[in-house]
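> sequence isn't available, so here's the structure alone:
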């Protein structure tokens, strides 16, 4: 889906499809070199990181395994509640594995910090992070993102997996949602 299909809801495009592809290929090349001969397990948080994970794994030049977790710190609102809930756990045992978390966006950092700590607690040999987007102005918890994509301003973004109430995930770029679309929605 393109922005033109939902232009009445979109303020402006923030990151184009071409910019997304270029950044993912750049970071995947670095990660491929770093994880060569390490049999990495890439972990994506559902549902938002699915698009990023697919593009990232396809851009990598080494074999990888993937797994998923469903975590939530958001309800139907636009602000993180801060409490992480596991909705679906990993199927793989992470003990002794080199884990690369593939994220769509780092906002408050709470969910990602929780996940990094949890994977280490479970015995992962290493845990690193690739995040396509980062909102440093919203950060409440310091998290180390080894493979960083784009820093973006504190605006509500959708597309390329990012949603508002399960909508707009299938935009092929990242766009700022008009405030009128989410006004009045409680966190």
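Yep, that arrived. Model, not experiment: these values are computed from the prediction. Numbering: from 1, shown residues only.

> from here on, just use CA atoms for contacts and neighbour counts.
Will do.

> leaving out the residues flanking it, which one is nearest to residue 127?
Leaving out its chain neighbours, the residue that sits closest to residue 127 by Cα to Cα, 6 or more residues apart in numbering is residue 99, at 4.7 Å.

> repeat for residue 3
Nearest non-adjacent residue to residue 3, counting by Cα to Cα, 6+ apart: residue 171, 6.7 Å away.

> quick one: contacts for the one you found?
By Cα atoms under 8 Å, 6 or more residues apart in numbering, the residues touching residue 171 are 1-3, 158-161.

> what stretches of the protein score poorly on pLDDT?
For the chain, applying pLDDT under 70 flags the ranges 74-82, 184-187.

> how about the helices in it?
For the chain, the helices defined by DSSP state H cover 17-34, 50-59, 110-121, 179-182.

> which other helices and strands contact the third one?
Meaning helix 110-121. Counting contacts by 3 or more Cα pairs under 8 Å, 6 or more residues apart in numbering; DSSP states H and E, helix 110-121 packs against strand 126-134.

> show me what the strand it packs on is packed up against.
Strand 126-134 sits against helix 17-34, strand 98-106, helix 110-121, strand 147-151, with contacts defined as 3+ Cα pairs under 8 Å, 6+ apart.

> check which residues of the longest one are buried.
Read it as helix 17-34. 17, 20, 23-29, 31-32 (16 or more other Cα atoms under 10 Å).

> next: stretch 146-162.
For stretch 146-162, the neighbour count (16+ other Cα under 10 Å) marks 147-149, 152, 156-162 as buried.

> before we move on, back to that, out of the helices of the chain, nearest to residue 141?
Across these, residue 141 has its closest neighbour in helix 110-121 (5.7 Å, Cα to Cα).

> now that closest one and strand 98-106, what's the angle there?
Computed by axes from the mean of the first three to the mean of the last three Cα atoms, to 10 degrees, the angle separating helix 110-121 from strand 98-106 equals 170 degrees.
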